[in-house]
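Novice: turn this into a model:
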Amino acid sequence: MKKVLSKKKLKRMISTDFTKLSVQEIKSLIQKETEKGVDNLDTNYIDLCFKLLEIKNNKLEIKQPKFTKSTKIVLVAAAVMVVFLSVFTVSAQLNFDIPEKIAQLIGDNAEIDPNYHFANTTADGYSLSDKELVKEISNYGIFPVTIPEEMTKEDCKIKKINDLTTDSTISKDLEIEFEYLGNQGNITIQQFEKNYELIGNDTARDVISGQMISANGMDILVFEREDNCTIRYKDNCTEYNIYLECDLKTSINFAKSIK
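Specialist: Here you go, the predicted structure:
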């Protein structure tokens, strides 16, 4: 790994429940931070790393790794800090309007059925097939494609496309970084092989509201946080996960343009 990742980048990975970092790379981030010493280390940064490590381990279905004694001490200190702050924080009543069979609110996190068994997951059509962005996505072996039409307009600037595929016999994975109305965002698209079943839950973390809307015949999940929103949906064997640093209204309008 060439450089230490920012907390903002780590938060984005946690919010989308998706990371291309390996377990070893995440552990290296933790190690580099602990090497700064007690007076200079950022316990919030380490806490984010452990959250990301938990996500990675859950996806790989492996046991929790063993950490050095010094790292464990830092983790305990960070956990104590979180508990201390929670005692003096009054939680607002969350607005969560998604059927329990699709997503359940547990604490501040939404646990989502990764297979969307009780959601509408078949698009009505693919009217954006002639758009250059959709053609470029198809060049990576992902098709058909149903994305927000707003991504194909002038208000959206495509910054980078990353091929995240590691095993094409399981899925083809793509990440697109973009800027929409001055807001940073990205979308990860995972197209799984037919009849591939995921186990466990996907997690939308630290949500303050959740709702389900309909677009292009599919159920679209929209989760709001303090400084960003995520949009999740599935079309047959293809899953879409959008991260957007914007308010809820902008996010919903963005989601409603899915075609």
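Novice: for I187, give me its contacts.
Specialist: I147, M151, E175, I176, F178, Y240, N241, I242, Y243 (C-beta atoms under 8 Å, 6 or more residues apart in numbering). In short, each C-beta sits where N, CA and C put it, glycine included.
Novice: do you know how far it is from M218?
Specialist: Distance of I187 to M218, computed by C-beta to C-beta, to the nearest Å: 15 Å.
Novice: could you say which helix or strand holds L10?
Specialist: L10 belongs to helix 7-16 when assigned by DSSP states H and E.
Novice: pull out the buried positions in that helix.
Specialist: Across helix 7-16, burial judged by 16 or more other C-beta atoms under 10 Å covers L10, K11, R12, M13, I14, S15, T16.
Novice: right, and the helix or strand after it?
Specialist: helix 23-34.
Novice: just confirm I242 is within a strand.
Specialist: Yes. Counting by DSSP: H, G, I helix; E, B strand; the rest coil, I242 is found in a strand.
Novice: mind listing the residues bridging to the residue nearest to it when sequence neighbours are not counted?
Specialist: With C-beta to C-beta, 6 or more residues apart in numbering as the criterion, I242 has its nearest non-adjacent residue at 4.0 Å, and that residue is I231. Beta-bridge partners of I231, counted by DSSP bridges, are V222, I242.
Novice: show me what contacts N58?
Specialist: Counting by C-beta under 8 Å, 6+ apart, N58 makes contact with G200.
Novice: can you tell me the SS state at it?
Specialist: Strictly by three-state DSSP, N58 counts as helix.
Novice: what about it, distance to T19?
Specialist: The gap separating N58 from T19 is 11 Å, by C-beta to C-beta.
Novice: check M212 too.
Specialist: Distance from M212 to T19, by C-beta to C-beta: 25 Å.
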